[in-house]
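> Okay, sequence plus prediction incoming.
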Amino acid sequence: MTAITDIAAVGTWVRDARAIAVLSGAGMSAESGVPTFRDAQTGLWAKFRPEELATEAAFRADPRRVWDWYASRREMMKDVHPNAGHHAIAAFQQRHPGRLTLITQNVDGLHQAAGSVGTLALHGNLFEDIWLDPCMGAPGHGGVCDVSRALPGRPPTCADCSNALRPGVVWFGEMLPAVALAAAEDAAQACDLMLVVGTSGAVYPAAGLAHTARQSGARVVVINPEPTELDSVAHALVRATAAVAMPALLGG
Ligand code: OAD
């Protein structure tokens, strides 16, 4: 049974750690006003079924509906800001270059906005557009079509080859970005402390990084006000929110 631990005890592990990996999820941004996915009342997946919105099949079946959903999330996130938890991670990285690797499942860009360096964004970027189908270039154009020149629409489409834009997030059933995933796996293997913050631990391969860290000999700490699917992997559980716990652990 994993013990529920107070923040001060984990703080000594942070001070002793040579290499720290942070694995963050949607709860990291909850105090910035971004809804999580699986919280029973407020989570995005409490209102929508993932397979209706977050798969390639859903987009192909009803591109406008899926495009509009992501557009509404972009709109909602335009005015959100990093919270004290994001800032604490970024400030720690600046004070201790190379000592903390940040791995996130979040697509909201708030870690990057806080100034985190080298963020490994395993699930992509909500604000980036990519082509739905691999772009072969339009006949006679001799090159890949430029996403910024897509014609406005829901979704925007390419004037030259009719390809559609889609959000640059990883959908269910898709591969994670290979370079970021490999770097995250390296960090999970090399760290001596992993802080798992604001994630239910329900989605793999991201959640598997906590298992990798534990199997590689690292201490694993889950920081979350609620129980998670990774609690049994952890050496310690901190039952606090991200914006409270991360400054307390890493310095404000
Ligand atoms: P979930 O919605 O599954 O889990 C959010 C977690 O945050 C829950 O465990 C909450 O208890 C916790 N939480 C809520 N408020 C918090 C706070 N203030 N501080 C700390 N924790 C808090 O979100 P993820 O685990 O990120 O995938 O979900 C993983 C993936 O599933 C997402 O990246 C997304 C989703 O489908 C893709 O879009 C590919």
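It's in.

> Sheet-wise, list the partners of the helix or strand harbouring Leu237 with their directions.
Leu237 is part of strand 236-238 when elements are defined by DSSP states H and E. According to DSSP bridges, strand 236-238 has the following sheet partners: strand 3-4 (parallel), strand 219-223 (parallel).

> Would you pull up how far the last one lies from the middle of the chain?
Put plainly, it is strand 219-223. Here strand 219-223 shows a centroid-to-chain-centroid distance of 17 Å under the convention CA atoms, centre = their mean, to the nearest Å.

> Could you do the first one as well?
Taking CA atoms, centre = their mean, one finds strand 3-4 lying 26 Å from the centre of the chain it belongs to.

> Can you tell me what sits against the very next helix or strand once past it?
Sequence order places helix 7-16 as the next helix or strand after strand 3-4, per DSSP H and E. Residues from elsewhere that reach helix 7-16 (CB atoms under 8 Å, 6 or more residues apart in numbering): Ile20, Leu193, Arg219, Val221, Ala236, Val238, Ala240, Ala245, Ala248, Leu249, Leu250. Placement of C-beta: from N, CA and C, glycine included.

> Redo those residues as TSV? Include pLDDT.
Formatted as TSV, these follow (pLDDT from 0 to 100):
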residue	pLDDT
Ile20	98
Leu193	98
Arg219	97
Val221	98
Ala236	96
Val238	97
Ala240	97
Ala245	98
Ala248	97
Leu249	97
Leu250	98
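
> can you redo these as CSV with neighbour count and distance to the ligand?
Putting the contacts of helix 7-16 into CSV (neighbours: other CB atoms under 10 Å; distance: CB to the nearest ligand atom, whole Å) gives the following:
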residue, neighbour count, distance to the ligand
Ile20, 25, 18
Leu193, 21, 18
Arg219, 20, 19
Val221, 26, 13
Ala236, 19, 15
Val238, 25, 10
Ala240, 17, 8
Ala245, 24, 8
Ala248, 21, 13
Leu249, 26, 13
Leu250, 23, 14
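
> picking that back up, pick the most deeply packed of the strands paired with strand 236-238.
Most buried of the strands paired with strand 236-238, by mean neighbour count (mean count of other CB atoms under 10 Å): strand 219-223, with a mean of 26.

> Wasn't Cys145 part of a strand?
No. Assignment of Cys145 by DSSP: H, G, I helix; E, B strand; the rest coil gives coil, placing it outside any strand.

> tell me which parts of the stretch 151-252 of the chain are close to the ligand?
169-170, 198-200, 202-203, 224-226, 228, 241-242 (CB under 6 Å from any ligand atom).
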